[in-house]
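Engineer: next come a sequence and a model predicted from it.
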Protein chains: 2
Amino acid sequence: MRLFRRDGYDRTTMRAIAAEAGVSVGNAYYYFGSKEHLIQAFYDRMQDEHADAAADVLERETAFDARLRGVLEVWLDVAAPSHEFAGQFFKNAADPRSPLSPFSAESAPARAASTGLYARVVEGTDLKLAPNVRRELPELLWLLQMGVVLFWVYDDSPEQLRSRELVTRIVPVVDRIVRMSRLPLVRGLVDDVLGLVAALRG
Amino acid sequence: MRLFRRDGYDRTTMRAIAAEAGVSVGNAYYYFGSKEHLIQAFYDRMQDEHADAAADVLERETAFDARLRGVLEVWLDVAAPSHEFAGQFFKNAADPRSPLSPFSAESAPARAASTGLYARVVEGTDLKLAPNVRRELPELLWLLQMGVVLFWVYDDSPEQLRSRELVTRIVPVVDRIVRMSRLPLVRGLVDDVLGLVAALRG
DNA sequence: CAATCTCCTTGAACGTGTTCAAAAATGGGA
DNA sequence: TCCCATTTTTGAACACGTTCAAGGAGATTG
């Protein structure tokens, strides 16, 4: 991770990693199937840090919008030091066949942990929701986070301020949509969307 | 392109491409800066094919939902033969720094052509829209297409039938949202979203 | 103690994308 | 026809990720 952050993913060679770790190149491959697999550790650690920081937010906030904004902002905090590196990492994760893809079978545990986090975002609030909305909302919020991550990866503004702005502006919109979801006019629409999500899952 | 389709992106070597073309490896690099750059030709051709096929649809259909569905379905038609290959290609396009990224400066002309296509989807219809919605809708529909592409890339169902289902089910939802956008209740929400998009563009 | 087995470690070797100095072809003027 | 500048072409060489046969280290068994 030290070398990745210092030199970037592409410029860090397996030979350099092995030398830094004091082992041979072949030995690195005995413990990690490929260079990509080395990233999984990084990915997991970031997820853990996020879960910790998010727990603080969820203890502090009770309103749905504050909880959601807090959890998303805390992701930006945790990810900030790795922005440059993560851009290159994302390239590999975007390969549909890669185990690092957020939709892969290998990522299922991480995905479950993340949707669990958003389940807690929803749980502790005063939101009145239809049962089907309550069931699907955590996964939709996870998708929202994926969107934020995607935006953040492409964000070349100083200190990723645009990503900050995205979060602060999109959270009220989400909040309003969720609260409107029980209105007669909107309800049919929401049911359609939920049906669509359920049908295309997996 | 013949080799890419037959053997996939990774398994097609620059040496094989050069041999097939009857030139040396170095000569291939005289005309194409890298293996990635070879894809740009493929990308451009697919876009042209899509524009042609979409023009037929737009001549035939007049209702907004039919036009949108037709244009999206025609994209699936054009892309279908390259599904396996395009998955690997997408990995490279997902690199934020790659000129192949759909958000890169190099892709600006292609992006403009695509949003222009969706401007025509909107134009020829009976939709009554607020000015700001009419202005932003083409770009939002292009984003919708990017979403469909993303889904399609990850779609491993036979003949990408799930992607077909996504299109047939999401188009009515979009149609309803667009038509609802003038309702007093929804209008404020729509304005927020459009403001967000405008603020974060570029 | 010896024999054997499993786990761990090594570094040379392979195939890859890419580079580059050198050679070849081209084309226009003297 | 010859010369020279430019464009084009070549293939060996480089650095990289990855593989693998070979051997070493430790534990277990007879």
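Structural biologist: Perfect, thanks for sending it. Numbers count the residues shown, from 1 in each chain, chains lettered A, B, ... in the order given.
Engineer: could you say what helices and strands the helix or strand where A:V78 lies packs with?
Structural biologist: Element membership of A:V78 [criterion: DSSP states H and E] is helix A:64-79. Applying 3 or more Cβ pairs under 8 Å, 6 or more residues apart in numbering or on different chains; DSSP states H and E, we find helix A:64-79 packed against helix A:35-60, helix A:108-123, helix A:131-154, helix A:161-180. Quick note: C-beta positions are derived from backbone N, CA and C, even for glycine.
Engineer: quick one: which of these is nearest DNA strand C?
Structural biologist: Minimum separation from DNA strand C across those (Cβ to the nearest atom of the strand) falls at helix A:35-60, 11.9 Å.
Engineer: now the angle from the closest one to helix A:108-123?
Structural biologist: Going by axes from the mean of the first three to the mean of the last three Cα atoms, to 10 degrees, helix A:35-60 is angled at 20 degrees with respect to helix A:108-123.
Engineer: for chain B, what are the nearby residues on chain A?
Structural biologist: With Cβ under 8 Å from any Cβ of the partner chain as the criterion, chain A meets chain B at residues A:87-88, A:90-92, A:94-98, A:101, A:103, A:151, A:153-154, A:156, A:162, A:165-166, A:169-170, A:172-173, A:176-177, A:180, A:183, A:185-186, A:189, A:192-193, A:195-196, A:199-200.
Engineer: please repeat the previous calculation with a cut-off of 6 Å.
Structural biologist: Residues of chain A lying near chain B by Cβ under 6 Å from any Cβ of the partner chain: A:87, A:91, A:94-96, A:103, A:153-154, A:162, A:166, A:169, A:173, A:176, A:189, A:192, A:196, A:200.
Engineer: now, of those, which are buried?
Structural biologist: Among those, those classed as buried by 16 or more other Cβ atoms under 10 Å in any protein chain shown are A:87, A:91, A:94-96, A:153-154, A:162, A:166, A:169, A:173, A:189, A:196, A:200.
Engineer: next, format those residues as a markdown table and append pLDDT.
Structural biologist: Converted to a markdown table, these look like this (pLDDT from 0 to 100):
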| residue | pLDDT |
| --- | --- |
| A:G87 | 76 |
| A:K91 | 74 |
| A:A94 | 76 |
| A:D95 | 77 |
| A:P96 | 77 |
| A:V153 | 89 |
| A:Y154 | 88 |
| A:R162 | 96 |
| A:L166 | 97 |
| A:R169 | 96 |
| A:V173 | 95 |
| A:L189 | 93 |
| A:L196 | 93 |
| A:L200 | 88 |
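Engineer: how about those in TSV, adding distance to A:A108?
Structural biologist: Output for these, formatted as TSV (distance: Cβ to Cβ, whole Å):
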residue	distance to A:A108
A:G87	25
A:K91	22
A:A94	18
A:D95	17
A:P96	15
A:V153	22
A:Y154	26
A:R162	31
A:L166	27
A:R169	32
A:V173	29
A:L189	30
A:L196	22
A:L200	17
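Engineer: dump the helices and strands packed on helix A:64-79 into CSV; add distance to A:N27 as well.
Structural biologist: Shown next, in CSV, are the helices and strands packed on helix A:64-79 (distance: least, Cβ to Cβ, whole Å):
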stretch, distance to A:N27
helix A:35-60, 13
helix A:108-123, 27
helix A:131-154, 32
helix A:161-180, 39
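Engineer: what would the ones you listed look like in JSON lines with distance to DNA strand D?
Structural biologist: Shown next, in JSON lines, are the helices and strands packed on helix A:64-79 (distance: least, Cβ to the nearest atom of the strand, whole Å):
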{"stretch": "helix A:35-60", "distance to DNA strand D": "3"}
{"stretch": "helix A:108-123", "distance to DNA strand D": "21"}
{"stretch": "helix A:131-154", "distance to DNA strand D": "21"}
{"stretch": "helix A:161-180", "distance to DNA strand D": "29"}
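Engineer: so which of the ones you listed comes closest to B:V121?
Structural biologist: Closest to B:V121 of the helices and strands packed on helix A:64-79 is helix A:131-154 (Cβ to Cβ; 23.3 Å).
Engineer: the helix-or-strand element of chain A with minimal mean pLDDT near DNA strand D at all?
Structural biologist: One helix or strand of chain A scores below all others by mean pLDDT, DSSP states H and E: helix A:83-93, with a mean of 77. No. Helix A:83-93 stays clear of DNA strand D (Cβ under 7 Å from any atom of the strand), getting no nearer than 9.7 Å.
Engineer: ok, is that helix in contact with DNA strand C or not?
Structural biologist: No. Figure legend: helix A:83-93 not in contact with DNA strand C (Cβ under 7 Å from any atom of the strand); closest approach 13.3 Å.
Engineer: and the gap between the residue lying closest to A:L183 once chain neighbours are set aside and B:N132?
Structural biologist: Leaving aside its chain neighbours, A:L183 sits nearest to B:L185 (7.3 Å; criterion: Cβ to Cβ, 6 or more residues apart in numbering or on different chains). As for B:L185, its distance to B:N132 is 17 Å (criterion: Cβ to Cβ, to the nearest Å).
Engineer: quick one, which of the two is more surrounded?
Structural biologist: Using other Cβ atoms under 10 Å in any protein chain shown as the criterion, B:L185 and B:N132 rank with B:N132 on top: 14 against 11.
Engineer: cool, thanks, talk later.
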